[in-house]
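Novice: no letters, just coordinates:
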């Protein structure tokens with residue numbers, strides 16, 4: 001699945017694809033990121049993953065599970081938890097609960113460079129206990145640039161990355177990467 005060309009398959013099918021799967025726990029995040037990369041070729045996915053991964057993918061800003069994976073998935077469309085299965089539902093029983101969630105692909109902010117935006121997001125979430133400004137400073141942005149960008153994006157100076165919705169990150173990224181002048 002990490003090598004599958006969803007775009008080519010969608011072209012051949014003449015329509016966006018539906019993806020259904022039970023993702024192997026040890027490579028779930030890389031598969032989700034691959035699906036995000038190919039979002040333009042996808043309509044929706046219904047996936048079963050380890051409950052903790054589903055918690056991260058479907059988390060709301062400000063929650064304990066909200067992080068980089070949450071925002072990267074949200075960038076490509078909304079996610080919705082459907083149901084959770086206990087280990088006893090499987091034979092042999094795994095040591096974890098599994099959750100099925102739906103991901104509807106409706107990419108947001110199409111004008112943003114995905115690669116550049118992902119770098120900003122990675123910097124923002126680099127260290128969870130640090131403020132957003134400190135994480136961005138550690139990534140090489142100047143304090144002056146960060147302060148101006150956060151002010152223009154209406155983000156409080158002491159905000160942490162895990163508190164911000166996707167829209168705030170998009171506004172911040174646009175301010176951070178806008179030409180100075």
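Specialist: That came in fine, so what should we check first? This structure is a prediction, so every number in the text was calculated from the model and none was measured.

Novice: per-domain residue ranges of this protein.
Specialist: Domain ranges of the chain: 6-104, 114-177, per automatic domain parsing.

Novice: need those domains in JSON lines with mean pLDDT and mean neighbour count, can you?
Specialist: The C-beta positions use only the backbone N, C-alpha and C, and glycine is treated the same way. Putting the domains of the chain into JSON lines (pLDDT from 0 to 100; neighbours: other C-beta atoms under 10 Å) gives the following:
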{"stretch": "domain 6-104", "mean pLDDT": "96", "mean neighbour count": "16"}
{"stretch": "domain 114-177", "mean pLDDT": "95", "mean neighbour count": "17"}
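
Novice: the residue nearest the centre of the chain sits in which helix or strand?
Specialist: Central residue check for the chain by C-alpha atoms, centre = their mean: the C-alpha nearest the mean position is that of residue 72, 1.9 Å away. If you go by DSSP states H and E, residue 72 is part of helix 68-76.

Novice: beyond that helix, next helix or strand please.
Specialist: Per DSSP H and E, the first helix or strand lying C-terminal to helix 68-76 is strand 79-85.

Novice: need the residues that contact that next one.
Specialist: Applying C-beta atoms under 8 Å, 6 or more residues apart in numbering, the external contacts of strand 79-85 come out as 46, 48, 51, 54, 57-58, 73, 97-104.

Novice: taking helix 68-76 as reference, get the angle to the strand ranked longest in the chain.
Specialist: Of all segments of type strand in the chain, defined using DSSP state E, the longest is strand 42-50. Angle, strand 42-50 to helix 68-76, by axes from the mean of the first three to the mean of the last three C-alpha atoms, to 10 degrees: 160 degrees.

Novice: quick one: contacts for residue 125?
Specialist: Applying C-beta under 8 Å, 6+ apart to residue 125 gives the contacts 67-68, 71, 135, 161-162.
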